[in-house]
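>>> Please find the sequence and the predicted model below.
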Amino acid sequence: MTTNAAEFERARAAMPGGVNSPVRAFGSVGTTPRFFVSASGPYVTDVEGREYVDLVGSWGPAIVGHAHPTVVQAVQDAAARGLGFGASTPGETALAELIEARVTRDGARPIERVRLVSTGTEATMTAIRLARGATGRDLIVKFAGHYHGHSDGLLAEAGSGVATLAMPGSAGVPAAIAAQTLVIAYNDLDAVREVFAARGDDIAAIIVEAAPANMGIVPPAHGFNAAIADIAHAHGALLILDEVLTGFRVGPAGWYGIDPVPFAPDLITFGKVVGGGLPLAALGGSAALMELLAPLGPVYQAGTLSGNPLAVAAGRATLDLMDAAAYARIDAAATTIADAASAALADAGVTHVVQRSGSLFSIQFAETAPHDYDTVKAQEAFRWPPFFRAMLEQGVSLPPSVFEAWFVSAAHDDAAVSRIVEALPAAARAAAEA
Ligand code: PMP
């Protein structure tokens, strides 16, 4: 039988860092990445035959649990009919209709048209091009610590993997492109007002994570999304709400549906859950805006694999499974795990907070709840690697970075939750000794 170490050695000789996405290399947690061969429900199994309770959930998509029979059947049925046609299919329309119908609040329906793409990066990249095309302006306002994928203009102070690697951004981004993105502090309305006072006529859009989850969980201040929507609109700019991570996860209508103060985004981006574990993402908005996209309008966007029938089948099956009872199960499991983590850390004498946005939560090793990227980075992040390793050794797979959310699924039943809860005290003691 092979080992994780042997697989990693082989992988490093074949792929940069042995991975196809940086955080998978476990660089910041000081242990060998696990190579998985199968997954079922809340569990993943590595090449050594070891099973872990999984709190990564493929970084979000696995919201109904891994390899859910209904989703697998839908994908198998679709595959048997053809892997892709490069032409329209009825399933794409059905998924678009599902997204449009679900994202509503108090009768408002911000999504009248949807375009399906393959990754969250493409969704935000296209939303930005659309905002620029619609407004005839170039500048984008983004918040430090928010991650919107790896397109050139969005990598400045981008949280997530770049935060884990302590990189300021990325080499290879032309200065002229970086200069089109104005990065400001999150949860700071004065900073938003100032940037619009200075450059308001040139700003096409604000892009914001609906409830940031790529610097750990940092909830928006009460009414923050509504306030930035108003500021953007007062200056003729758009609000792009990035729900790639939160969409269809924190509730049937995403964060849009549960923000304590309702607000009106112009474009919304989705990924992860909407593709049910296969490569699919989406953007949506009013018909007037979305129909600026080719072939109707002047803003170009295309994709060989866009609306792939297998991904559409997985997305539809997953959304259909996510009924009120499934959301309630996730919320309850998240509460149990978050409370147990906090209790274990308190017992071990570790200074910490647990921040939550709906069912998303993460631990931060800080005295008071971080509210922006600077306060997130000021925490005692060195306590995460020993905490992470202790959980892994006890058979719980957490995100390998303190800057990521813990992803609970509807498949995390009492048995899986108990295994997590039982592992927490030893991990908390390891964090205390760091
Ligand atoms: N936006 C947000 C909020 C995300 O969390 C992510 C991925 N973690 C992306 C965009 C990019 O999505 P993808 O990795 O599918 O390109």
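That came in fine, so what should we check first? What you are looking at is a predicted structure, and each value in this text was computed from that prediction instead of being measured.

>>> all strands for the stretch 201-350 of the chain, in order.
203-209, 238-243, 267-270, 281-285 (DSSP state E, counting those that start in this stretch).

>>> Contacts for the last one next, please.
Just to be clear, that refers to strand 281-285. With contact meaning CB atoms under 8 Å, 6 or more residues apart in numbering, strand 281-285 is reached by 95-96, 99-100, 103, 110-120, 122-124, 126-127, 130, 244, 265-272, 274-275, 290. In this view, the C-beta of every residue, glycine as well, is placed from N, C-alpha and C.

>>> Could you report the neighbour count for residue 17?
Using other CB atoms under 10 Å, residue 17 is surrounded by 14 other residues.

>>> Would you confirm that it belongs to a strand?
No: counting by DSSP: H, G, I helix; E, B strand; the rest coil, one finds residue 17 to be helix, located in no strand.

>>> Distance-wise, check it relative to the ligand.
17 Å (CB to the nearest ligand atom, to the nearest Å).

>>> Could you list which residues are in contact with that residue?
Each residue near residue 17 by CB under 8 Å, 6+ apart is listed here: 25, 27.

>>> Just list the residues touching residue 286, thanks.
Residue 286 neighbours (CB under 8 Å, 6+ apart): 110, 112, 113, 266.

>>> got it, and residue 352?
So residue 352 contacts 342, 345, 346, 363, 364, 365, 366 (CB under 8 Å, 6+ apart).

>>> ok, now residue 50?
34, 395.

>>> at 10 Å instead, please
4, 34, 36, 44, 392, 395 (CB atoms under 10 Å, 6 or more residues apart in numbering).

>>> quick one, phi/psi of the fifth one?
Reported as degrees, to the nearest 10, the phi and psi values for residue 392 are phi -60, psi -40.

>>> Quick check: residues of the stretch 151-300 of the chain near the ligand?
160, 209, 214, 242, 244, 245, 271, 281 (CB under 6 Å from any ligand atom).

>>> Give me the lowest-pLDDT entry from those.
In this model, the minimum pLDDT among those belongs to residue 160 (72).

>>> What about that residue, how many residues nearby?
For residue 160, using other CB under 10 Å, the count is 24.

>>> Test my guess that it contacts residue 120.
No: applying CB atoms under 10 Å, one finds residue 160 not in contact with residue 120, separated by 11.1 Å.

>>> which residues are in contact with both of these two?
59, 147, 148, 149, 150, 245.

>>> Can you say which of those residues are buried?
Among those, the ones that count as buried by 16 or more other CB atoms under 10 Å are 59, 147, 148, 149, 150, 245.

>>> Quick one: the strands in the stretch 51-200 of the chain, in order.
Taking DSSP E, counting those that start in this stretch as the test, the strands found in the stretch 51-200 of the chain are 51-54, 113-117, 139-143, 181-184.

>>> So which of those is the most surrounded?
strand 139-143 (a mean of 25; mean count of other CB atoms under 10 Å).

>>> First residue to last residue on stretch 349-365, what's the distance there?
End-to-end distance of stretch 349-365 (CA to CA, to the nearest Å): 11 Å.

>>> Tell me the buried residues in that stretch?
350-365.

>>> Next one: that stretch, is it in contact with the ligand?
No: taking CB under 6 Å from any ligand atom as the criterion, stretch 349-365 and the ligand are apart, separated by no less than 10.7 Å.

>>> distance of residue 225 from residue 261?
The gap separating residue 225 from residue 261 is 7 Å, by CB to CB, to the nearest Å.

>>> next one: residue 419
38 Å.

>>> Looking only at neighbour counts, state which of those two leads.
residue 419 (18 against 12).

>>> Do you know the pLDDT at the closest residue to residue 329 other than its chain neighbours?
Spatial nearest neighbour of residue 329, chain neighbours left out: residue 410 (5.0 Å); criterion: CB to CB, 6 or more residues apart in numbering. Listed pLDDT for residue 410 reads 98.

>>> Is residue 410 in a helix, a strand, or coil?
Residue 410 is classified as coil under three-state DSSP.

>>> from now on call the first residue 33
Okay, using 33 as the starting number, the last item reads as residue 442.

>>> how close does it sit to residue 285?
Taken as CB to CB, the span from residue 442 to residue 285 is 17 Å.

>>> Look at the two and report which has more neighbours.
Using other CB under 10 Å as the criterion, residue 442 and residue 285 rank with residue 442 on top: 23 against 20.

>>> Which stretches in the stretch 133-282 of the chain count as helices?
152-167, 192-196, 207-210, 221-231, 256-266 (DSSP state H, counting those that start in this stretch).

>>> Without its sequence neighbours, what residue ends up closest to residue 348?
In this structure, residue 348 finds its nearest non-sequential neighbour in residue 127, 5.3 Å apart by CB to CB, 6+ apart.

>>> try residue 424
residue 63 (6.7 Å).

>>> Nearest to the ligand: which residue in this structure?
Nearest residue of the chain to the ligand: residue 152, at 2.2 Å (CB to the nearest ligand atom).

>>> quick one: least confident helix or strand in the protein?
helix 192-196 (a mean of 73; mean pLDDT, DSSP states H and E).

>>> starting at the chain centroid, how far to it?
13 Å (CA atoms, centre = their mean, to the nearest Å).

>>> same question, stretch 68-82
22 Å.

>>> returning to that earlier point: what's near enough to touch the residue nearest to residue 361?
Counting by CB under 10 Å, 6+ apart, the residues that residue 442 touches are 73-74, 94-97, 100, 353-355, 357-362, 365, 391.

>>> Can you pull the phi and psi angles for it?
For residue 442, the backbone dihedrals (degrees, to the nearest 10) come out as phi -70, psi -10.

>>> about what we covered before: what would the contacts of residue 384 look like in a markdown table with distance to residue 465?
A markdown table is the format used below for these (distance: CB to CB, whole Å):
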| residue | distance to residue 465 |
| --- | --- |
| 374 | 19 |
| 377 | 13 |
| 378 | 16 |
| 395 | 16 |
| 396 | 19 |
| 397 | 13 |
| 398 | 18 |
